[in-house]
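**Q** After the sequence you'll find the predicted model.
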Amino acid sequence: MIPNVFKEVIDLGDGREISIETGKLAKQAHGSVVVQSGETMLLCTVVSNYDAADVDFLPLTVDYREKFAAAGRYPGGFFKREARPSTEEILVMRIVDRVLRPLFPKDYHAETQVMIQLMSLDKEVMPDALAGLAASAAIQLSDIPFETPISEVRVGRLDGEFIINPSLSQLEQCDIDMVIGASEDSVMMVEGEMSEISEEEMVEAIKVAHEAIKVQIEAQKRLVAQVGAKETREYESETENEAVLEKVKAFAYDKCYEIAKSASSKSDRGLAFSELKDALKAEFTEEELEEVGGLVSKYFSKVQKEAVRNLVLEEGIRLDGRKTTEVRPIWCEVDYLPSTHGSSIFTRGETQALATVTLGTSREANMIDNPSLEGEERFYLHYNFPPFSTGEARPLRGTSRREIGHGNLAQRALKRMVPLDCPYTVRIVSEVLESNGSSSMATVCAGTMAMMDAGVQMKKPVSGIAMGLISDGERYAVLSDILGDEDHLGDMDFKVTGTEDGITACQMDIKIKGLSYEILVNALQQAKDGRLHILGKLTETIATPNADVKVHAPKMVTAKLPNDLIGAFIGPGGKVIQELQKETGTTIVINEDPVTGEGIVEILGTDQAGIDAVLAKIDSLTFKPEVGSVYEVKVIKMLDFGAVVEYTEAPGNEVLLHVSELAWERTENVSDVVKMGDVFDVKYFGIDQRTRKEKVSRKAILPKPEGWEARPPRDNKGGNRNNRGRDNRSRDNRRDDRR
């Protein structure tokens, strides 16, 4: 039986479109759609249990996977099947999750799974820009409670023109690469990288993206109307008790307000709030706590949040006593670790990051092998967030999604400031040692200084700051350099990085509806002031990159080698290059220039003499003597008919110096004129037409002896060497004469 299929189409312009289809696949899921653009197809399903989980939060899982079959490829590895998600897949999961999660009801605690799969790939259509649309459409077709449809788009700018969902080839040339998530009336998520754009340009890009999102939301509504909207399911909501709420507020509000106003350190605040909570519970009998104990804790958190927010809005005082525009005290240090190639410490208030830089060859590049993206990264950053950084003891379960997301943001902030001609592969590792507010921005600052300490010639230093927002609908306060508690209690977490000339990356999550562009512009301008203040602290510590890498760090030199000489340089089975690396103490990597086909030789070593020896070997292979020029040579082998000499400026390049070219006088024995190891000059004559071999001469640059006369030509009956004295009659006639 042919299923009923419903479809809506979104016109992107330039002949491009997106279709949303339902009714054909995965019909047992609570909602399912296929989103297609070009030949890229995503299948998204959503399922939510009807029974609530025994937790006080929404157990939402957003999963995004790319199938290698979608690109007509096999997975790498021994088992030849997809396994754990890649970094790129996790980043897509995060940008979808961040828009969806706030729109589920606060008291909805049912296990919910949104699963998005790349089923077909068009190399020029990037699937991550379609994932948010697919997730929202699937939820809209279900009976799962959800506030409003959303969508996500990528916006790029090429030659001054904004493009919605640019192709991969277009994106490589864009100076803006941002993914924006929004509902019809509110921008909710922004993430991306830029080439030092202004705050006004960033806001303009967000506005362009939001208009495109509105079109995609309308298409979802039309699809739901075609299918028929399902009635939202009923679920067991949390029990409320107004009497308990009033009792908690009467007891705790003023005290929370005073704690927030007076306690300056995170530990002092935490202890004071904990003691207040215990005192609050003592106001209830054991029977009351057994009955409403969970509500007491819940309402205490609610009252605490209200008190902290009102303190900021009414008095402009923050949890640690700062003004809204004030950045916490900063201290920095570089060259802290003696054995690394570069290192730095960045400390801002109670947040501290220790960054290291390691320099390597292209062999150390980070290889990316996904269905939608293949290639390598010559600059990459890894971010580690151990539990001790927040004073906690918890098990380590591998790299978390949060660590991947924060590391990616810091990497995008810095990568456009690494010169394209940087010869090294550069790896930054950020170890977060303390955390109370934006360790990712501390990572950007520490990474900048560590690279400059390592001698990486950054175009410009980069700093970053995290901004917050508290608003009650009428009043608002933008907070510079937010604390961890301010992030939790506030309405926005907005991270901005950049140089003195513009923004290089951003990440924004907004928790309230209807954020005006006026507030957004004010937040960006305040972020710029804070960012430049922090940048000044960095440049006080290290103003410019060190001119050279450290003594113990490897030096990188590149050289070109013609394609036809690569084999000789490597040798049979790699013998020549392996011996050369062993002799010189260097690492040698050969890549092919994709344009010219030439070999690009990377030489990495700490000893300059070893690097020079490798360069000399390359010079010897590429050495081409010029006809008529004089070169110094050294005798390396004695023969009866001459001496084998090598050019001293190109060791390994050998040529025969014939006995007849040693001296003007007749030479009976080669050893009468030259001996092993002798060094002298010869003149190069090119290819001898008679012998078809290279010809050099020692006698050509010596004065002729007095009275010397050229030897008369041999009588060969007019013939040359090959027919000297030869009877030109036929072979048969000569044979007859002999008879």
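**A** Cool, the structure landed.

**Q** In which helix or strand does residue 470 reside?
**A** strand 463-471 (DSSP states H and E).

**Q** need the next SSE after that strand, C-terminal direction.
**A** Taking DSSP H and E, what comes next after strand 463-471 is strand 476-480.

**Q** ok so, going back, what is the strand holding residue 470 packed up against?
**A** helix 286-315, helix 439-454, strand 476-480, helix 484-489, strand 492-499, helix 517-541 (3 or more Cβ pairs under 8 Å, 6 or more residues apart in numbering; DSSP states H and E). Glycine gets a C-beta too; all of them are placed from N, C-alpha and C.

**Q** how distant is the fourth one from the center of its chain?
**A** It stands for helix 484-489. 28 Å (Cα atoms, centre = their mean, to the nearest Å).

**Q** ok, and for that helix, which residues are buried?
**A** Neighbour counts over helix 484-489 (16 or more other Cβ atoms under 10 Å) mark 484, 485, 486, 487, 489 as buried.

**Q** With only the CA atoms kept, save the strand holding residue 470 in PDB.
**A** Taking Å, rounded to 0.1, in the frame of the first residue of the first chain, the C-alpha atoms of strand 463-471 are listed here in PDB:
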ATOM      1  CA  SER A 463      41.100  38.000  23.600                       C
ATOM      2  CA  GLY A 464      37.600  36.900  24.700                       C
ATOM      3  CA  ILE A 465      34.900  37.800  27.200                       C
ATOM      4  CA  ALA A 466      31.700  36.200  28.400                       C
ATOM      5  CA  MET A 467      28.700  38.500  28.700                       C
ATOM      6  CA  GLY A 468      25.500  38.000  30.700                       C
ATOM      7  CA  LEU A 469      22.000  39.500  30.800                       C
ATOM      8  CA  ILE A 470      19.400  39.900  33.600                       C
ATOM      9  CA  SER A 471      16.000  41.200  32.600                       C
END
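
**Q** what distance separates that strand from the centre of its chain?
**A** On Cα atoms, centre = their mean, the centre of strand 463-471 falls 24 Å from that of its chain.

**Q** Return the list of strands paired to that strand, each annotated with direction.
**A** Using DSSP bridges, strand 463-471 pairs in its sheet with strand 476-480 (antiparallel), strand 492-499 (antiparallel).

**Q** Go ahead and confirm residue 206 touches residue 520.
**A** Yes - Residue 206 is within contact range of residue 520, at 7.5 Å (criterion: Cβ atoms under 8 Å).

**Q** Look at the two and report which has more neighbours.
**A** The neighbour comparison of residue 206 against residue 520 (other Cβ atoms under 10 Å) goes to residue 520, with 23 against 20.

**Q** Skip the chain neighbours and tell me the closest residue to that one.
**A** residue 203 (6.2 Å; Cβ to Cβ, 6 or more residues apart in numbering).

**Q** The helix or strand hosting the one you found to helix 517-541, inter-axis angle?
**A** Secondary structure from DSSP H and E places residue 203 in helix 199-227. On the basis of axes from the mean of the first three to the mean of the last three Cα atoms, to 10 degrees, helix 199-227 is oriented at 130 degrees to helix 517-541.

**Q** what element comes up after helix 199-227 heading to the C-terminus?
**A** helix 242-262.

**Q** Okay, buried residues for that next one please.
**A** Those would be 244, 245, 247, 248, 249, 251, 252, 255, 256, 257, 259, 260, for helix 242-262 by 16+ other Cβ under 10 Å.

**Q** quick one, domains of this protein?
**A** 6-227, 242-315, 330-391+400-541, 555-622, 629-701 (the TED database).

**Q** Let me see the mean pLDDT of the first one.
**A** The average of the pLDDT scores along domain 6-227 is 94.

**Q** Partner strands of whichever strand or helix holds residue 601, with direction?
**A** In this structure, residue 601 sits in strand 599-605 according to DSSP H and E. In the sheet, strand 599-605 lines up against strand 555-561 (antiparallel), strand 587-592 (antiparallel) (DSSP bridges).

**Q** Heading C-terminal from it, find the next helix or strand.
**A** helix 608-622.

**Q** Go through that following helix and flag the buried ones.
**A** Within helix 608-622, judged by 16+ other Cβ under 10 Å, the buried ones are 610, 611, 613, 614, 617, 618, 619, 620, 621.

**Q** mind checking how far it is from the chain centre?
**A** Worked out by Cα atoms, centre = their mean, helix 608-622 lies 33 Å from the chain centre.

**Q** Mind giving me the packing neighbours of it?
**A** So helix 608-622, by 3+ Cβ pairs under 8 Å, 6+ apart, packs with strand 555-561, helix 566-570, helix 575-584, strand 599-605.

**Q** Including distance to residue 357, mean neighbour count and mean pLDDT, could these go into JSON lines?
**A** Below are the helices and strands packed on helix 608-622 laid out as JSON lines (distance: least, Cβ to Cβ, whole Å; neighbours: other Cβ atoms under 10 Å; pLDDT from 0 to 100):
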{"stretch": "strand 555-561", "distance to residue 357": "13", "mean neighbour count": "17", "mean pLDDT": "89"}
{"stretch": "helix 566-570", "distance to residue 357": "30", "mean neighbour count": "15", "mean pLDDT": "86"}
{"stretch": "helix 575-584", "distance to residue 357": "24", "mean neighbour count": "15", "mean pLDDT": "91"}
{"stretch": "strand 599-605", "distance to residue 357": "15", "mean neighbour count": "22", "mean pLDDT": "90"}
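
**Q** quick check, residue 504 in a helix?
**A** No - Residue 504 sits outside any helix when classified using DSSP: H, G, I helix; E, B strand; the rest coil, being strand.

**Q** so what's residue 625 up against?
**A** Listed by Cβ atoms under 8 Å, 6 or more residues apart in numbering, the contact set of residue 625 reads 631, 647, 684, 694.

**Q** 10 Å - rerun?
**A** 631, 647, 649-650, 653, 655, 682-686, 694, 696 (Cβ atoms under 10 Å, 6 or more residues apart in numbering).
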